Each structure stands twice: as structure tokens, then as C-alpha cells.
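Peer 1: no sequence on this one, just coordinates:
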Ligand code: ADP
Ligand code: GLC
């Protein structure tokens, strides 16, 4: 199959969260399975052109916008460990600035930026004479490719047989814009915008809704989330839209690129280890503590290290972590490490906490790829008390690194983490339901009980490290959906 993957984030070029990881590994896996794909993404101002060997191509595309045409030079690079081409759309107006989305509030011109990106996907494929069997849109940022496919390119010789698949990584972001300007830029008449139409939601233009309605098939990133977004407020208002399309919606669990995330081969961590050499995890912890300025006399092998690596948002349950953390540190002999960035208030809170509590807390505010690997290797326990979690990648990385996950039973967390039972020796983590301080106290207490039973803990680690959440499995499932979409045309 010929596949176009359109995404606002692709690892390693530009990343805000898991979307980048998924956009980066899928095409690699498809290539290994004998399929041809290309990636289209923006050329953001902060992409490291030298490091990732981006080259300007002798190619400028014309992108229709409103009543005019804009021109974009194309840059290219290759996805690491593959021959998959990645095409970067250059635009001084839209992308040559710091950041991907302009969070927390979003850039004021995100409607223009993402209409432009979505339109450029087609003009680029056409310029390359690439005839896609499928276009995979990811989240609202590239969702406009779905109506574009059906409205502007339906009769185009390259796209006539192309199917559109909309992938949802997070229902919390719909891309809600003012309709008049946005549809004008998209060259779609306002006659398409009326109450209950495919573009309209509560009087505004809803980009994700349009993606969902115009797509041939819809995927989201875990089976549980596929249910939650239809039947609960996890749909953030769009649950009826998803119910309407329930027959075309399927949850495919994300996977792990074990070429990047494997303690046996990871060169970011201090000491490599496998299920047979888990003692070496202690060496990672020791080295991590030492380099985090924990004095030799305060490094205890059997003091469990609880880790978190995350965007600092309410989605990830940080309000409850903030309320609970000092009490937890007071009642349990634990150490807490956090690497995160995001909400200003959370950043300030955790920075201040660290001033008071170091070395019981080891907190780093910022974004650091290498440190995220080191925390997985060092931590005994990995905490993800997410309010909602479409899939979550960190709990799967943690499993592989033997950092036993403690997670709230929601979305992809519920599909990948199973309660450990010391008697039967089954399970790979600990789960809880209610998002409050007491639940955290209880579940951590339960985990610590097992932690001090060396044999049981080792069993839990073995179960965790041998869980198979490979990206290959996930990539295959997407191919099946693409075939399903093609059959349905
Ligand atoms: P989400 O996409 O909702 O943020 P995921 O668990 O799917 O959640 O993916 C998060 C990804 O971002 C993981 O690869 C994680 O390691 C990474 N990440 C998040 N915060 C940081 C950070 N501060 N430094 C380094 N990596 C981070
Ligand atoms: C989103 C979700 C996360 C998911 C990621 C990749 O950012 O919050 O749960 O793993 O996308 O699909």
C-alpha cells in the first residue's frame, strides 16, 4: 500500500507528546512490512536542521488558500532507521517560530496554520506524483485532510481511489474555530455550515468533528478509550458524533518502538540490563541518585524510587499529585522523581517543592529526552494517575524497563496494566479508580507491600518486562483498518 501520514509532530524532529512517537514509528514498521509511506509535517523554527540532516529540495508547491495561492518550499529528511521520506512544509508565516501549538492558549492563527498544512499534504503528494491508497490524519491538526479529500480532490487522478482515516489521539482538543474565516481559507462554502452539519458544533467550526464525519474510518489509540469517547464525557461533547459513526470506529493500542525503548540496548541509560540481569537496575538507580546530588550517605538501595515523566496538566492528574505528594513522602519511605513541563503553576509548585524536599524529591522542570530514559531505568515504580489517557506510552516504556506502573484505570492504561497478584504471580502493575489523595495513599501502600517481598517484586518485574506492546503489532492493525476502508468504498 501507499500511505501518506500527516502529523503536526513526528519524533525525533518535533515532539510535544506521544503523538510524535506514534507518527515516527508507524511508517517505519509499515516499511518493514513491505509498504511505502511518506510523512508530511511542518518545518518548525526550532527543528534542528543540522542534527536531523534536513535538506532543502528543489521543489516549491502552490497551496490554494481563500482566493489566493501561497507557496511553500519543501525540505526533506529520512526517518531514522528507515528509508521513509519525511517532507517538511516551510512557511515563514505559519511555521517559522518557536513551538508547535503555542500552548497553553494556542497560537491565534492555528486555524490558518493547520488548514494550510492539510491542504499542502495534497499539493505535495501531487508534486511528487505519489498516489496514496490512504491518508492517515492525526488529531485535529491534520483533520482538514478528510474534508479536503472528499471535497477538493475527489476527482483528482491521484486521489480518486484514496481513502481517508482519521486517528484520534486526544479528544480534549477539537480545533474549534470561527467558521467564516476558516472555511473561506479552506475554500469551502458557508452553505456547508449550518446547525448539525459536519463542520458545525455549538455554533462554531469543529475541525475534529469534520475529520470524524468525512473520514472513511476512524481510529483511536486504545480499545477502552474507543468506548469511553462514545459513552462518557471523555468524548468532550462529541460522543454523539462518535456514536453516529460507531460502526467505523476502532481502537488500536499504541505500541513501543523497542529499537528506541529497550533497557538491553538503550545507550541513554547508565547500565544496560535484561530480565536476567535486573539487579543492574539498581546500578542505574544508584548512578541516577548520585548525579541528582543525593549524598552517598543518603542513597538507600531499598528506598523505592517513584518516577513520573509527563506534561504537567490536569489530564495527567497533577492536581491530585500536588495535593498528595507531601503526605505520601511523610507516611512512606519513598523518594519521588519528576521530569515534566507544561502548566506554569505546576512548574512553580514542583520547583518549590524540590527546594524544600530534596533529596527526597528529585524534580527537573523541562523537557529532556535522555533524562526520560534514565528515569525509566532508575525508577522502581512509575506513577500515572491520569484523569483520562487515550493510550499513554510511558506506562508501556515503564513495563519494558521494569519500573512497575501504578495507574488509574482509564483508557489505554486499563488495556496495558494488570493488577499484580502475589499469590498467583500474575499481573504487571497496580491500578486504582478514584482520583483522590486517599486512593493514591492506598494504591502506593499496596505496591510497597509487594515491593518489600523481594521474590514477588521480581516476579512482577519479569511480567512487566516481558509484556509485548510492540509497535509492529500496532502497525499491522492500522494496515487492517486501511484494507477495511478500501473494501468499504
Ligand atoms: P501524552 O502524549 O498525552 O503527553 P504519552 O504517554 O502518550 O502522553 O506520551 C508522552 C511522551 O512524551 C513520552 O514519550 C514521554 O516520555 C514524553 N515526555 C513527556 N514529558 C517529557 C519531558 N518533560 N521530557 C522528556 N520527555 C517527555
Ligand atoms: C495523546 C494522548 C496519549 C497517547 C498519545 C499518542 O497525546 O494523551 O494518551 O498515548 O496521544 O497516541
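Peer 2: Received the coordinates, thanks. From a predicted model like this one, the values you see are computed outputs, not experimental measurements. Ligands and ions are numbered 1, 2, ... in the order given.

Peer 1: Helix, strand, or coil at residue 336?
Peer 2: Following DSSP: H, G, I helix; E, B strand; the rest coil, residue 336 is assigned to strand.

Peer 1: My read is that it contacts residue 361, right?
Peer 2: Yes - between residue 336 and residue 361 there is a contact at 4.9 Å, judged by CB atoms under 8 Å. The way it works is simple: take the backbone N, C-alpha and C, and place the C-beta from them, glycine included.

Peer 1: quick one: which of those two has more around it?
Peer 2: Legend: neighbour count by other CB atoms under 10 Å for residue 336 and residue 361, higher for residue 336 (25 against 21).

Peer 1: hey, what's that one bridged with?
Peer 2: residue 306, residue 361 (DSSP bridges).

Peer 1: ok, now residue 55?
Peer 2: So, taking DSSP bridges as the rule, residue 55 has residue 76 as bridge partners.

Peer 1: Now do the contacts for the closest residue to ligand 1 within the chain.
Peer 2: Of all residues in the chain, residue 18 sits closest to ligand 1, at 2.3 Å by CB to the nearest ligand atom. Residue 18 sits next to 169, 221, 254, 391, 392, 393 when contact means CB atoms under 8 Å, 6 or more residues apart in numbering.

Peer 1: and if you look at residue 180?
Peer 2: Residue 180 neighbours (CB under 8 Å, 6+ apart): residue 190.

Peer 1: Run a quick neighbour tally on residue 348.
Peer 2: 11.

Peer 1: tell me which element it falls in.
Peer 2: helix 344-357 (DSSP states H and E).

Peer 1: Can you give me the pLDDT of the single nearest residue of the stretch 151-300 of the chain relative to ligand 2?
Peer 2: Residue nearest to ligand 2 within the stretch 151-300 of the chain: residue 169 (3.3 Å; CB to the nearest ligand atom). Note for residue 169: predicted pLDDT of 98.

Peer 1: same question, residue 489
Peer 2: 81.

Peer 1: from memory it sits against residue 217, does it?
Peer 2: No - the criterion here is CB under 8 Å, and residue 489 misses it with residue 217 at 10.7 Å.

Peer 1: Mind checking which of those two has more residues around it?
Peer 2: Legend: neighbour count by other CB under 10 Å for residue 489 and residue 217, higher for residue 217 (22 against 8).

Peer 1: Might one say that the more buried one is in contact with residue 484?
Peer 2: Yes - if you go by CB under 8 Å, residue 217 and residue 484 touch, sitting 6.2 Å apart.

Peer 1: now the strands for the stretch 101-250 of the chain?
Peer 2: 134-138, 163-168, 176-177, 200-201, 204-206, 217-220, 249-251 (DSSP state E, counting those that start in this stretch).

Peer 1: mind listing what's buried in the helix holding residue 348?
Peer 2: 346, 347, 349, 350, 353, 354, 357 (16 or more other CB atoms under 10 Å).

Peer 1: same deal with stretch 98-113?
Peer 2: 100, 101, 107, 110, 111, 112, 113.

Peer 1: So which of those is the closest to residue 195?
Peer 2: residue 111 (20.5 Å; CB to CB).

Peer 1: contacting residues around the closest one?
Peer 2: By CB under 8 Å, 6+ apart, the neighbours of residue 111 are 175, 177, 178, 181, 182, 185, 205, 207.

Peer 1: per-residue confidence for the residue in the chain that ligand 2 sits nearest to?
Peer 2: Nearest residue of the chain to ligand 2, counting by CB to the nearest ligand atom: residue 18, 2.9 Å away. Predicted confidence (pLDDT) at residue 18: the value is 96.

Peer 1: Quick check: residue 103 vs residue 212, distance?
Peer 2: 23 Å (CB to CB, to the nearest Å).

Peer 1: Find the helix or strand that the closest residue to residue 384 other than its chain neighbours is a member of.
Peer 2: Computed as CB to CB, 6 or more residues apart in numbering, the closest residue to residue 384 that is not its neighbour in sequence is residue 407, at 4.6 Å. Residue 407 is part of strand 404-408, with elements assigned from DSSP H and E.
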